[in-house]
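Participant: Okay, here's the prediction I keep looking at, along with the sequence it came from:
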Amino acid sequence: MSSSAIQSPFHQDCLRGKVALVTGGGSGIGFQIARQLGLHGASVVIMGRREKFLSEAVDQLHADGVAASFFTGDVRSRESAEASVAFTVKTYGRMDTLVNGAAGNFLANAHELKLKGFKTVMEIDTVGVFNMSSAAFPALRESGAGAIINITMTLHYGATWFQAHASAAKAAIDSLTRSLAMEWGSYGIRVNGIAPGPIADTPGMAKLSVGLGRDDANKHIPLGRMGTTFDIGMGAVFLVSSAASYVSGDTLVVDGAEWMYKEPLLKPEAVSRMSRAVEQRSRSMGPTSKL
């Protein structure tokens with residue numbers, strides 16, 4: 001069943017009055033997060049570097065009945081970060097939510113990875129999160145019920161092939177999530193993360209799964225399917241809503257248990273046979289007496 005056919009479990013106006021700024025909101029996960037926040041009552045500003053791309057995304061949001069605008073900017077620039085927040089406040093009168101979704105990634109052997117490539121990913125992902133969060137702090141503090149969501153990944157929970165750069169960036173973001181949650185809680189700002197697993201039909205998945213079919217990917221996901229942008233959007237709605245008013249400093253993993261998957265040493269049927277054999281042997285030996 002496609003995600004468009006699935007009904008949200010949340011009330012359609014549960015975010016009414018909220019105003020969100022979503023970086024990386026022009027496509028993929030970021031766009032769907034912006035869309036779902038808007039469909040549940042929030043006004044949204046999407047931010048990215050390509051104006052035409054953002055304009056087309058806003059047209060799609062308007063077609064869905066979402067109050068949306070866009071701001072062209074680069075999360076790596078402090079000036080751009082501050083200007084995007086100012087634009088959001090000027091356009092909608094306030095700002096309650098920041099979603100740090102902008103990211104850069106590619107596959108690379110660690111021994112061939114150039115410093116420029118490593119720095120680029122760190123700057124977009126980690127520096128971008130810090131830039132946007134610190135720029136948004138005054139507006140979120142003024143809100144009295146501010147929320148930040150940092151989009152991360154599960155790459156660094158163990159280790160991931162060909163992702164040394166992105167793993168380092170996402171590990172740093174998770175650390176920032178905890179630090180900011182601790183320091184900014186007294187200002188009424190909650191800081192959480194969402195760690196998506198393999199999400200179908202997104203630019204990121206297309207880039208990172210070259211030569212890997214959907215059936216191959218599904219074999220390593222205990223729930224048996226790749227995720228959808230709708231799954232991530234629902235996680236974002238929850239974390240922004242009052243249902244998560246006491247949740248801060250956490251990273252919500254939305255991956256169908258993919259990150260912890262391991263190939264079983266034995267087939268389930270073999271384990272069942274072994275268990276029955278042990279049980280039967282135990283019964284045939286009878287109770288043992290203790291001296």
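Facilitator: Right, received. Where do you want to start?

Participant: Contacts made by the helix or strand harbouring Ala57 with the rest, please.
Facilitator: Using DSSP states H and E, Ala57 sits in helix 51-63. The contact list for helix 51-63, computed with CB atoms under 8 Å, 6 or more residues apart in numbering, reads 25-27, 31, 34-35, 38, 44, 46-48, 68-72. Any C-beta I mention is one placed from the backbone N, CA and C, and that applies to glycine too.

Participant: the strands in the stretch 101-250 of the chain, which residues?
Facilitator: Residue ranges of the strands in the stretch 101-250 of the chain, as given by DSSP state E, counting those that start in this stretch, are 146-151, 189-196.

Participant: Could I get the CA-only coordinates of the first one as PDB?
Facilitator: As requested, C-alpha coordinates have been extracted for strand 146-151 and formatted as PDB (Å, rounded to 0.1, in the frame of the first residue of the first chain):
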ATOM      1  CA  GLY A 146      10.100  25.400  20.900                       C
ATOM      2  CA  ALA A 147      11.100  22.200  19.300                       C
ATOM      3  CA  ILE A 148      14.100  21.200  17.200                       C
ATOM      4  CA  ILE A 149      14.300  17.900  15.200                       C
ATOM      5  CA  ASN A 150      17.600  16.900  13.800                       C
ATOM      6  CA  ILE A 151      17.500  14.400  11.000                       C
END
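
Participant: what about that strand, distance to the chain center?
Facilitator: Remark: strand 146-151 is offset 10 Å from the chain centroid, using CA atoms, centre = their mean, to the nearest Å.

Participant: Packing partners of it?
Facilitator: Packing partners of strand 146-151 (3 or more CB pairs under 8 Å, 6 or more residues apart in numbering; DSSP states H and E): helix 28-39, strand 97-100, helix 128-143, helix 164-184, strand 189-196, helix 229-240.

Participant: show me the contacts for Leu98.
Facilitator: The contact partners of Leu98, by CB under 8 Å, 6+ apart, come to Ala20, Leu21, Thr23, Met132, Ser133, Ala136, Leu140, Gly146, Ala147, Ile148, Ile149.

Participant: how about a cut-off of 7 Å?
Facilitator: Residues in contact with Leu98 (CB atoms under 7 Å, 6 or more residues apart in numbering) are Leu21, Met132, Ser133, Ala136, Leu140, Ile148.

Participant: Take the residues you listed and write them to CSV, including pLDDT.
Facilitator: Output for the contacts of Leu98, formatted as CSV (pLDDT from 0 to 100):
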residue, pLDDT
Leu21, 98
Met132, 98
Ser133, 98
Ala136, 98
Leu140, 98
Ile148, 98
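
Participant: which of those are buried?
Facilitator: For these, a burial check counting by 16 or more other CB atoms under 10 Å picks out Leu21, Met132, Ser133, Ala136, Leu140, Ile148.

Participant: For the residue nearest to the fourth one when sequence neighbours are not counted, name its beta-bridge partners.
Facilitator: Distances taken as CB to CB, 6 or more residues apart in numbering put Leu98 closest to Ala136, at 4.5 Å, once the chain neighbours are dropped. For Leu98, the beta-bridge assignment (DSSP bridges) gives partners Leu21, Ile148.
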